[in-house]
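Enquirer: here is my input; please provide its structure:
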Amino acid sequence: MEFEEQTRKLLAQSALLTAVASGVLGPPITFTVQKIAPQPEWKNVSLFSEHYQMCQSLHSWSVYFAFILICVIHC
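Expert: The predicted structure follows:
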């Protein structure tokens, strides 16, 4: 599939923005989540699920952001 030049630039900018944001915001988010809702040492799935809290999904924010960018670009 051939993309227009403007679309290619937008995709490159989106990828760069996601990578930079992940690198800059990733460590503080990880630190904050570990302080707010720490997980015990890994033993098994049931122990993990017992201690899981919704705020722990913040680790995946950059992936969600990337999917949103892809949807916006292709729609």
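
Enquirer: where does this protein dip in pLDDT?
Expert: The chain contains residues with pLDDT under 70 at 1-3, 59, 62, 70, 73-75.

Enquirer: if you count residues, which helix in it comes out on top?
Expert: Secondary structure assigned by DSSP state H gives helix 5-36 as the longest helix of the chain.

Enquirer: which helices and strands does the following helix or strand past that helix pack with?
Expert: Where DSSP states H and E defines the elements, the next helix or strand beyond helix 5-36 is helix 45-51. With contacts defined as 3 or more Cβ pairs under 8 Å, 6 or more residues apart in numbering; DSSP states H and E, helix 45-51 has no helix or strand neighbours. No exception for glycine: its C-beta is placed from N, CA and C like everyone else's.

Enquirer: contact partners of helix 45-51?
Expert: 37, 39-40, 42 (Cβ atoms under 8 Å, 6 or more residues apart in numbering).

Enquirer: now the buried members of those residues.
Expert: With burial judged by 16 or more other Cβ atoms under 10 Å, the buried subset of those is empty.

Enquirer: got TSV for the residues you listed, with distance to residue 57 too?
Expert: Below are the contacts of helix 45-51 laid out as TSV (distance: Cβ to Cβ, whole Å):
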residue	distance to residue 57
37	10
39	13
40	18
42	18
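
Enquirer: out of those, which one sits closest to residue 71?
Expert: Nearest to residue 71 among the contacts of helix 45-51 is residue 37, at 28.7 Å by Cβ to Cβ.
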